[in-house]
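quick one: sequence and predicted model below, then my questions.
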Amino acid sequence: MARFSGWILAVLIIATMAAGGAGGSDRIPVAASIAPLADFARQVGGDRVAVLVLVPPGASPHTYEPKPSQVRQVARARLLVLNGVGLEYWADKLVRAAASPHLRVVDTSRGVALLEGDSHGEHGHPRGNPHIWLDPRQAILQVGHIRDALLRADPPNATAYRANAARFVSELEALDREIAAEIATWRRREFIAFHPAWVYFARRYGLVQAAVIERSPGREPSPAELARIVDTARRIGARAIFAELQFSPKAAEAIARESGARVLFLDPLGASLQDGGYLALMRSNLVQMAQALR
């Protein structure tokens with residue numbers, strides 16, 4: 001948090017740089033908080049946008065702090081695409097530091113029926129669970145918000161944005177049907193997750209999050225909590241404990257040893273993929289889940 005104070009000295013310079021808007025490029029500069037949202041923006045914007053991802057896929061938005069260089073990049077952007085629901089707890093300070101009159105903030109969570117939030121730790125989410133992009137049907141709503149923001153930012157290319165969004169929504173609808181058909185063949189429905197990232201996915205497809213290892217990011221479970229999770233794993237006959245690539249798997253490995261399960265990795269942000277975007281990411285996660293639940 002202290003690094004934000006150092007940016008104040010640069011605000012006037014940054015604001016001057018921002019006055020150029022797109023910096024002479026024909027493409028609309030867009031900053032997105034996480035890789036899935038960046039992919040949504042690219043899908044809708046096509047070659048008319050230049051998209052910057054703020055949180056690297058191997059990092060976690062729960063523990064991320066923007067770098068001064070990213071503040072300068074955001075100051076030059078026209079759109080800042082956020083997930084909302086408190087995921088980007090750092091966003092307000094980032095926007096203030098960027099100090100750009102050209103920047104529009106896009107909260108893609110508007111209109112989503114939120115589920116209960118993570119536990120109230122330092123970066124808990126008391127307003128609701130923020131992991132809405134992991135439900136393809138909710139992702140469709142997020143794509144709509146990004147489309148509308150691009151329509152307002154760049155009206156001459158409205159036809160292209162509408163067509164791109166419609167195409168991608170069709171692909172998301174097909175993904176939804178594909179996931180539902182696959183999960184319908186699974187014999188197991190309960191799973192143990194690393195943290196409450198998969199509750200929207202579970203609600204959509206009739207799965208049950210039986211336990212989570214970390215209810216708040218960075219809050220390791222106590223010995224008593226670990227014991228309860230091991231008991232749950234044994235009760236549901238868990239074949240795997242799901243860890244996540246953005247966090248240490250040590251707790252998941254300990255639970256797996258005690259319960260006779262193995263550790264598999266889910267990836268909410270795309271750290272496992274060099275390219276391929278959201279559709280490939282969700283299919284990769286489905287393959288991992290199938291190993292434990294089919």
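Perfect, I can see it now. Predicted model only: the values in this text are computed from it and were never measured. Numbering: from 1, shown residues only.

tally of neighbours for the nearest residue to residue 277 once chain neighbours are set aside?
In space, residue 277 comes closest to residue 39 once its chain neighbours are excluded; the distance is 4.1 Å by Cβ to Cβ, 6 or more residues apart in numbering. Yep, even glycine has a C-beta here, placed from its N, CA and C like the rest. Residue 39 sits with 25 neighbouring residues when counted by other Cβ atoms under 10 Å.

pull whichever strand or helix holds residue 39 out as CSV, backbone CA atoms only.
Using DSSP states H and E, residue 39 maps to helix 35-45. Taking Å, rounded to 0.1, in the frame of the first residue of the first chain, the C-alpha atoms of helix 35-45 are listed here in CSV:
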residue,chain,number,x,y,z
ALA,A,35,-6.5,-12.2,-18.1
PRO,A,36,-10.1,-13.6,-18.7
LEU,A,37,-11.5,-10.0,-18.9
ALA,A,38,-8.6,-9.1,-21.2
ASP,A,39,-9.6,-11.9,-23.5
PHE,A,40,-13.2,-10.7,-23.5
ALA,A,41,-12.1,-7.2,-24.5
ARG,A,42,-9.9,-8.6,-27.3
GLN,A,43,-12.8,-10.8,-28.5
VAL,A,44,-15.2,-7.8,-28.7
GLY,A,45,-12.6,-5.2,-29.8
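
which neighbouring elements make contact with that helix?
strand 28-32, strand 49-53, strand 79-82, helix 136-153, helix 158-183, helix 277-293 (3 or more Cβ pairs under 8 Å, 6 or more residues apart in numbering; DSSP states H and E).

give me the contact list for the last one.
Counting by Cβ atoms under 8 Å, 6 or more residues apart in numbering, helix 277-293 makes contact with 36, 39-40, 42-43, 133-134, 136, 139, 171-172, 175, 178-179, 182-183, 186-189, 191, 207, 238-240, 242, 264-268, 270, 272-273, all of which sit outside it.

mark which of these are buried, thanks.
Using 16 or more other Cβ atoms under 10 Å as the burial test, the contacts of helix 277-293 include 36, 39-40, 42-43, 133-134, 136, 139, 172, 175, 179, 182-183, 191, 207, 238-240, 242, 264-268, 270, 272 as buried.

any low-confidence regions in the protein?
Within the chain, the ranges that satisfy pLDDT under 70 run 1-25, 117-126, 217-218, 274.

can you give me the domain assignment for it?
3-178, 182-293 (automatic domain parsing).

from residue 101, how far out is the residue nearest to residue 277?
According to Cβ to Cβ, to the nearest Å, residue 39 stands 28 Å off from residue 101.
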